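Engineer: Test case, fold it:
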Amino acid sequence: MIATIQTTLGTIKIELFADKAPITVENFKKYAETGFFDGTIFHRVIKGFMVQGGGFTKDGIQKETFAPIKNEAKNGLSNKRGTIAMARTNVVDSATSQFFINTVDNMFLNYQNDANYGYAVFGEMIDGFEVLDKIAAVKTGNRGYFADWPVEDVIIEKVTVE
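Structural biologist: Residues are numbered from 1 along each chain as shown. Down below sits the predicted model:
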């Protein structure tokens, strides 16, 4: 399965690994197919780390999500440059719609043990690295109590899964 993420800075294509992360891929696909991601933004951009999106509108409003899913970080996939993983809170099984794309290798985000569970990788970029790097280079600031918020919106126009 291929996910296409169309943004105001260009298009990213990601191969989804339904065999290694079936719950996560199905969850991402559901958000894509319902149009949930359309008009959301990359709201957290940390240079030398990752870009995160899929939960906030450009007005800074967090969208209502479906129920959280089980964390599939034990799937053997690594948080390396160009992989997509689920964002979550400190609660292991709390991921909903937000995802991040690693801009560098972030092996410390991998599953280590049940006390250091990690973040579930569910796909890897196959195209659009120049777009990822453009997003990663945007100027950021604070917005309310959020840090690393892009000064100019990077909008996710549409996400499709085929």
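Engineer: Might you list the low-confidence residue ranges for the protein?
Structural biologist: Along the chain, no part satisfies pLDDT under 70.
Engineer: Output the longest helix belonging to it.
Structural biologist: Among the segments of the chain that qualify as a helix by DSSP state H, the longest is helix 22-33.
Engineer: I'd like the next helix or strand past it.
Structural biologist: The helix or strand immediately downstream of helix 22-33 is strand 40-46, counting by DSSP states H and E.
Engineer: helices or strands up against that next one?
Structural biologist: For strand 40-46, the packing partners by 3 or more C-beta pairs under 8 Å, 6 or more residues apart in numbering; DSSP states H and E come out as strand 50-57, helix 129-136, strand 146-150, strand 155-161. In short, each C-beta sits where N, CA and C put it, glycine included.
Engineer: and with 10 Å instead?
Structural biologist: strand 2-7, strand 50-57, strand 99-102, helix 129-136, strand 140-143, strand 146-150, strand 155-161 (3 or more C-beta pairs under 10 Å, 6 or more residues apart in numbering; DSSP states H and E).
Engineer: now, of the ones you listed, which is deepest in the fold?
Structural biologist: Comparing the helices and strands packed on strand 40-46 by mean neighbour count (mean count of other C-beta atoms under 10 Å), strand 99-102 comes out on top with a mean of 26.
Engineer: bridging residues for the most centrally placed residue in the chain?
Structural biologist: Closest to where the C-alpha atoms of the chain average out (C-alpha atoms, centre = their mean) is residue 99, at 2.1 Å. The partner list for residue 99 in beta bridges (DSSP bridges) reads residue 53, residue 86.
Engineer: Distance of it relative to residue 141?
Structural biologist: Going from residue 99 to residue 141 by C-beta to C-beta, to the nearest Å gives 22 Å.
Engineer: How about residue 70?
Structural biologist: From residue 70 over to residue 141 the distance is 35 Å, taken as C-beta to C-beta.
Engineer: Run through the residues that contact residue 132.
Structural biologist: By C-beta atoms under 10 Å, 6 or more residues apart in numbering, the contact set of residue 132 is 5, 7, 9-10, 12, 50-51, 81-82, 101-103, 125.
Engineer: let's see 7 Å
Structural biologist: For residue 132, the contact set (C-beta atoms under 7 Å, 6 or more residues apart in numbering) comprises 12, 51, 101, 103, 125.
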